[in-house]
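Visitor: Here's my sequence, what's the structure:
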Amino acid sequence: MDWWKRFRKLAANRRVNIEDRFELIREAATGTMSRFYMARDRKADRVVGLKLIDNEKIKKFEARFARLEKPSEGEIASRCVHPGIVQTLEHGETTTGISFVLMEYLQGQGMNTMIQAQDALFDRYRGELLRQMAAALHAVHVAGFIHRDFCPRNLIVSKDRRSVKLIDFGLSLPDLPEFCRPGNRTGTPLYMSPEIVRRKATDLRVDIFSFGVSAYEMYAGQQPWSTSVVTGRAAMEHDKPAKPIENHCPNLDRHLAELIHRCIAADPDERPQNMGEVEAELVRFKT
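Guide: Numbering: from 1, shown residues only. Here you go, the predicted model:
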């Protein structure tokens, strides 16, 4: 048994009594497969983020990978270490059999809220935030995973608007052929790549597409495609040409506009082929 399997076995045997260890301060968010709390960790005497995962719902998602020994969300998150990624402190199961992920508690707001507000501070630091986003997603890929739900809702911006962190590895998968086969149609529809929508084989470039849609929205304040629908039907438009971002941002750096449009190309071969390339280009742009 290799070291990683030994680690997983030890983690599975470590069960935490939530009521004894944590003071649940407030419920901070509710997702489709989890509940997230701001909590005080009595053991470490600090405020943390506590994610409790709905095991029944996650089992349905992971059933398709039953024979592949898919790492848990906590395992994936703990291996994605970067200043632009929320720090995972611990993961395991509660004494009642519920999976949990313990992480640093981030003070700030979702990028989706920032996009709606478009305040002066956000405008001032938007380019730096975009570079940090690219670096964080690149780190996920270097760690060997595809995030698969990269979107403004999963990016937390600090109160001073100068930093951003990527969260939520609930849909993330190893970047391995057996996890990238056709059929896995999961993600947030408005940021979903055409190959996911059409149930084709996937790879890291699905995240590059989602990054491009998020970048477009950060600058334009709206989606690249004309739609008032936010369900899966909206994603069916993603293999069509996007509205030129210059229509909304006539003063945007031409090279940045071109990069964003390459990221959201319907054909993955026409996108940048890795996030390292995207990150390197963003460093050169005046944003």
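
Visitor: mind listing the strands in the protein by residue range?
Guide: Along the chain, counting by DSSP state E, strands occupy 15-16, 22-30, 34-41, 46-53, 88-94, 99-104, 108-110, 145-146, 155-158, 164-166, 173-174.

Visitor: Can you check which of those strands gets nearest to residue 285?
Guide: Across the strands of the chain, residue 285 has its closest neighbour in strand 164-166 (17.2 Å, C-beta to C-beta). Placement of C-beta: from N, CA and C, glycine included.

Visitor: Run through who's touching the closest one.
Guide: 84-86, 106, 111, 129, 132-133, 136-137, 140, 147, 150, 154-158 (C-beta atoms under 8 Å, 6 or more residues apart in numbering).

Visitor: can you do 6 Å?
Guide: Strand 164-166 has contacts (C-beta atoms under 6 Å, 6 or more residues apart in numbering) with 84-86, 106, 129, 132-133, 136, 155-157.

Visitor: Now do the contacts for residue 133.
Guide: residue 164.

Visitor: cool, residue 104 as well?
Guide: Here residue 104 is in contact with residue 87 (criterion: C-beta under 6 Å, 6+ apart).

Visitor: cutoff 7 Å now
Guide: 48-49, 86-87, 89 (C-beta atoms under 7 Å, 6 or more residues apart in numbering).

Visitor: now do residue 173
Guide: Per C-beta under 7 Å, 6+ apart, neighbours of residue 173: 145-146, 148, 179.

Visitor: One more pass at 6 Å, please.
Guide: Per C-beta under 6 Å, 6+ apart, neighbours of residue 173: 146, 179.

Visitor: Would you quantify the distance from it to residue 41?
Guide: Between residue 173 and residue 41 the computed distance is 29 Å (C-beta to C-beta, to the nearest Å).

Visitor: circling back to that earlier point, which one of the strands of the chain lies closest to residue 69?
Guide: The nearest among the strands of the chain, by C-beta to C-beta, is strand 173-174 at 9.6 Å.

Visitor: so what strands line up beside the closest one?
Guide: With DSSP bridges as the test, strand 173-174 is paired with strand 145-146 (antiparallel).

Visitor: Kindly reformat the contacts of strand 164-166 as JSON lines containing distance to residue 188 and pLDDT.
Guide: Shown next, in JSON lines, are the contacts of strand 164-166 (distance: C-beta to C-beta, whole Å; pLDDT from 0 to 100):
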{"residue": "84", "distance to residue 188": "19", "pLDDT": "98"}
{"residue": "85", "distance to residue 188": "18", "pLDDT": "98"}
{"residue": "86", "distance to residue 188": "18", "pLDDT": "98"}
{"residue": "106", "distance to residue 188": "19", "pLDDT": "96"}
{"residue": "129", "distance to residue 188": "19", "pLDDT": "97"}
{"residue": "132", "distance to residue 188": "20", "pLDDT": "98"}
{"residue": "133", "distance to residue 188": "15", "pLDDT": "98"}
{"residue": "136", "distance to residue 188": "17", "pLDDT": "98"}
{"residue": "155", "distance to residue 188": "12", "pLDDT": "98"}
{"residue": "156", "distance to residue 188": "16", "pLDDT": "97"}
{"residue": "157", "distance to residue 188": "18", "pLDDT": "97"}
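
Visitor: just those residues now: which is nearest residue 74?
Guide: residue 86 (12.2 Å).

Visitor: Which segments of this protein make up each domain?
Guide: According to automatic domain parsing, the chain comprises the domains 3-104, 108-284.
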